[in-house]
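Enquirer: sequence first, then the predicted structure, then my questions.
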Amino acid sequence: MSSTWSLPADIEIPVRHPMAPEPGAQMREHWEKCFGCGSDQPTGLGMTFIAGEGLTVEAQFDVAHRYQGGPGVIHGGILSTGFDEAMGTCCMLLANSVVTAHLEVDYARPIVLGSTLKFSCRIDGAVRRKVYSSAEAYVDGSNAPVATARALFVQIDMDQHFKDTKQFIDHF
Ligand SMILES: CCCCCCCCCC(=O)SCCNC(=O)CCNC(=O)[C@H](O)C(C)(C)COP(=O)(O)OP(=O)(O)OC[C@H]1O[C@@H](n2cnc3c(N)ncnc32)[C@H](O)[C@@H]1OP(=O)(O)O
C-alpha cells in the first residue's frame with residue numbers, strides 16, 4: 001500500500017445505531033436507482049451487503065464482462081465504485097445520510113472477469129460530520145487483498161443536498 005492517508009488526532013469511535021441491522025442480516029439498498037446497489041438499475045453492479053459485528057460490513061458483486069477495462073480484467077473505475085458503495089453502506093450503520101468526499105484505492109492485483117469480488121469494510125472513526133472508513137477487496141482463492149481503499153464520507157441533510165435534483169426521483 002502506498003497511501004499517505006492518516007486519520008485525524010481527534011477521531012472518535014461512533015456508536016452503532018440501535019436500529020442498524022443485526023450482525024449477519026442483509027442491509028438494504030440505499031436507493032433503488034443507484035448504480036452500485038439499486039434493484040431498479042439493470043446496468044448497475046447489483047451489490048449486496050451483510051452487516052457485520054460492530055462497525056463492519058461485508059459486501060460483494062459479480063464481475064460481469066461489461067465491467068471490463070483491460071483484456072479480461074475489471075476496469076479500475078468499477079472497482080473504486082465497488083469500494084465507494086461498500087464503504088458508504090457501512091456508514092449506514094450510523095443511520096446517517098452521507099456522501100463521499102474523498103476516496104483512494106490501491107490496486108494490488110488484476111481482477112479477472114467472472115470473479116466474485118468481496119469487500120470487508122469498517123468505520124474507523126468520526127469527527128463532527130466526517131466519517132472515516134477503510135476496506136479491503138478479495139476474490140475467491142486469494143488470501144491477500146486484491147485492492148485496498150480508504151475514504152472520507154460527510155454527513156449531509158438529504159433535502160438540502162438533493163434540492164436541485166429532486167425531479168430525478170420521479171423521472172429517471
Ligand atoms: C444515504 C446513504 C448512502 C450510502 C451509500 C453511498 C455510496 C455512494 C456515495 C457516493 O458516491 S456520493 C457521490 C459522490 N460525492 C459527492 O457528490 C459529494 C460532493 N461534495 C459535496 O457535496 C460537498 O463537498 C460535501 C457535502 C462533501 C462537503 O460540503 P459541506 O459544505 O457540506 O461541508 P464542508 O465543506 O464544510 O466539509 C465538512 C468537513 O469535511 C471536510 N472535507 C470536505 N471535503 C473533504 C475532502 N475532499 N477531503 C478532506 N476533508 C474534506 C471539511 O474540511 C470539513 O471538515 P471539518 O469538520 O474539520 O471542518
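Expert: It's in.

Enquirer: stretch 29-37 and the ligand, any residue contact?
Expert: Yes. Stretch 29-37 lies within reach of the ligand by CB under 6 Å from any ligand atom, at H30. All C-beta spots, glycine's among them, are computed from the backbone N, C-alpha and C.

Enquirer: where does this protein dip in pLDDT?
Expert: For the chain, the stretches flagged by pLDDT under 70 are 1-2, 171-172.

Enquirer: one more time with 90
Expert: For the chain, applying pLDDT under 90 flags the ranges 1-5, 140-143, 168-172.

Enquirer: could you check how many residues crowd around the residue in the chain that the ligand sits nearest to?
Expert: Among the residues of the chain, G88 lies closest to the ligand, at 2.7 Å counting by CB to the nearest ligand atom. Neighbours of G88 under the rule other CB atoms under 10 Å: 25.

Enquirer: again with D159
Expert: Quick note: D159 (other CB under 10 Å) scores 9 neighbours.

Enquirer: what does E136 give?
Expert: Neighbour count for E136, taken as other CB under 10 Å: 19.

Enquirer: that one pairs with what?
Expert: Note on E136: beta-bridge partners by DSSP bridges are S120, T148.

Enquirer: got the residues of this protein near the ligand?
Expert: So far as CB under 6 Å from any ligand atom goes, the chain lies against the ligand at 30, 84-85, 88-89, 92, 97-102, 128-130, 152, 154, 156.

Enquirer: can you flag the buried ones in these?
Expert: Buried subset of the residues of the chain next to the ligand (neighbour count, 16 or more other CB atoms under 10 Å): H30, D84, E85, G88, T89, M92, S97, V98, T100, K130, L152, V154.

Enquirer: ok, then the element right after the longest helix along the chain?
Expert: If you go by DSSP state H, the chain has its longest helix at helix 76-91. Later in the chain than helix 76-91, the nearest helix or strand by DSSP states H and E is strand 98-107.

Enquirer: not counting its neighbours along the chain, what's nearest A95?
Expert: Setting aside the residues directly before and after it, A95 is nearest to H17 in space (CB to CB, 6 or more residues apart in numbering), at 3.8 Å.

Enquirer: enumerate every residue touching the one you found.
Expert: Going by CB atoms under 8 Å, 6 or more residues apart in numbering, H17 touches L93, L94, A95.

Enquirer: again, 10 Å this time
Expert: Applying CB atoms under 10 Å, 6 or more residues apart in numbering, we find H17 in contact with M92, L93, L94, A95, N96.

Enquirer: from L94, how far out is it?
Expert: The spacing between H17 and L94, counted by CB to CB, to the nearest Å, is 6 Å.

Enquirer: and for R16?
Expert: Going from R16 to L94 by CB to CB gives 7 Å.
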